[in-house]
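Visitor: Only the shape, not the letters, is given here:
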């Protein structure tokens, strides 16, 4: 990147201002609510998608409204390509027909009161950095979902982290053994090299590793958690490591050992974000992983301050940059 320090600082300011404006009605809703448990109603969902498994926009709006989501962050796919990093095209659309950043930005332009967007691009494509910077200039408030068959410490990914650092935005990464974001065990070195970048972990390998001695090829372990897993250490030892509770992987991590889950959520309540990553079309019922995870967090986190941090406050402060939280 060739921008001057003055230019980058100006863009950081503009990005932070844009995020604060994007929070809009959501942050105002939180501020206007009375003290006590009633204040816990506000929920930010940091993980949703446009055209998720061909779900149309009207159904997405209804789904989020039914769940009671105050603000949703849309995570787009990168450009469709037939390359190693997209697994020969298998990974296009995040393997779920998800649309690109342009679609997310267009949707947000019509629903800015309740939606914001990240940007994404295939990291080793020729113009990846230029495209990411362009979208961050246009209002994207983060990078991701980074879901590519590429080593996390490869030169293309290092350049993506440099963009996140320059624009002071988080990056959300999908860790899946031998499939996406390869080399999860090397994450400590990334966190140390980029201490000002907030990394948000997501998916099977991130959540399976809350247990020590995890067999990496098992993506949805059902055994009780053995304390001391890599994910637990990353959340404890690195201020810039965070967790996205969304999807079946996040739900499985909690339900496989409910006693451990309650203590885990309490211990890391300042490091976790609520997300749905749910393609359901209704917003309730057994098929809606988002509503099940929301109910589980409310069940396991009995302290209203800690619960509010996970469901609203952490995202409001760290992603939307509302310093009042």
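Guide: Happy to help now that I have it. Every value quoted in this text rests on a predicted model; they were computed, and no experiment measured them. Numbering: from 1, shown residues only.
Visitor: just so I have it, where are all the strands in the stretch 201-325 of the chain?
Guide: Counting by DSSP state E, counting those that start in this stretch, residue ranges of the strands within the stretch 201-325 of the chain are 241-244, 272-273.
Visitor: again, but for the stretch 1-150 of the chain
Guide: Assignment of strands within the stretch 1-150 of the chain using DSSP E, counting those that start in this stretch yields the ranges 44-48, 71-74, 115-117, 143-146.
Visitor: Need the ones you listed in CSV (columns: distance to residue 166).
Guide: In this view, the C-beta of every residue, glycine as well, is placed from N, C-alpha and C. As requested, the strands of the stretch 1-150 of the chain are exported to CSV (distance: least, CB to CB, whole Å):
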stretch, distance to residue 166
strand 44-48, 22
strand 71-74, 20
strand 115-117, 19
strand 143-146, 11
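Visitor: and the residue nearest to residue 115 when sequence neighbours are not counted, what does it touch?
Guide: The shortest distance from residue 115 to any residue other than its chain neighbours is 4.8 Å, reached at residue 108 (CB to CB, 6 or more residues apart in numbering). Listed by CB atoms under 8 Å, 6 or more residues apart in numbering, the contact partners of residue 108 are 22, 74, 115-117, 139.
Visitor: Ok, residue 180 next?
Guide: Residue 180 makes contact with 91, 147-149, 174, 203 under the criterion CB under 8 Å, 6+ apart.
Visitor: Show me which of these is closest to residue 128.
Guide: When the contacts of residue 180 are compared for distance to residue 128 (CB to CB), residue 148 wins out at 10.2 Å.
Visitor: separation between the closest one and residue 319?
Guide: Separation of residue 148 from residue 319 (CB to CB, to the nearest Å) stands at 21 Å.
Visitor: ok, the two, which is more surrounded?
Guide: A side-by-side neighbour count of residue 148 and residue 319, using other CB atoms under 10 Å, places residue 148 first with 31 against 26.
Visitor: Now do the contacts for the more buried one.
Guide: Contacts were defined as CB under 8 Å, 6+ apart; by that measure residue 148 touches 78, 85-86, 91, 122-124, 180-181.
Visitor: cool, residue 279 as well?
Guide: For residue 279, the contacting residues are 49, 52-53, 55, 96, by CB under 8 Å, 6+ apart.
Visitor: re the thing from before, just the closest of the contacts of residue 180 to residue 155, please.
Guide: When the contacts of residue 180 are compared for distance to residue 155 (CB to CB), residue 148 wins out at 13.5 Å.
Visitor: ok, now how distant is residue 81 from residue 185?
Guide: According to CB to CB, residue 81 and residue 185 sit 27 Å apart.
Visitor: Comparing these two, which shows the higher neighbour count?
Guide: More neighbours surround residue 81 than the other of residue 81 and residue 185, with 16 against 11 (other CB under 10 Å).
Visitor: Pull the contacting residues for the closest residue to the more buried one other than its chain neighbours.
Guide: Leaving out its chain neighbours, the residue that sits closest to residue 81 by CB to CB, 6+ apart is residue 122, at 5.4 Å. Neighbour list for residue 122: 78-79, 81, 83, 85-86, 128, 148 [criterion: CB under 8 Å, 6+ apart].
Visitor: Just the buried ones among those, please.
Guide: For the contacts of residue 122, burial is judged from neighbour counts taken by 16 or more other CB atoms under 10 Å, and it is met by 78-79, 81, 83, 85-86, 128, 148.
Visitor: Restricted to helices, list the residues you listed.
Guide: Filtering the buried ones among the contacts of residue 122 for membership in helices, criterion DSSP state H, returns residue 128.
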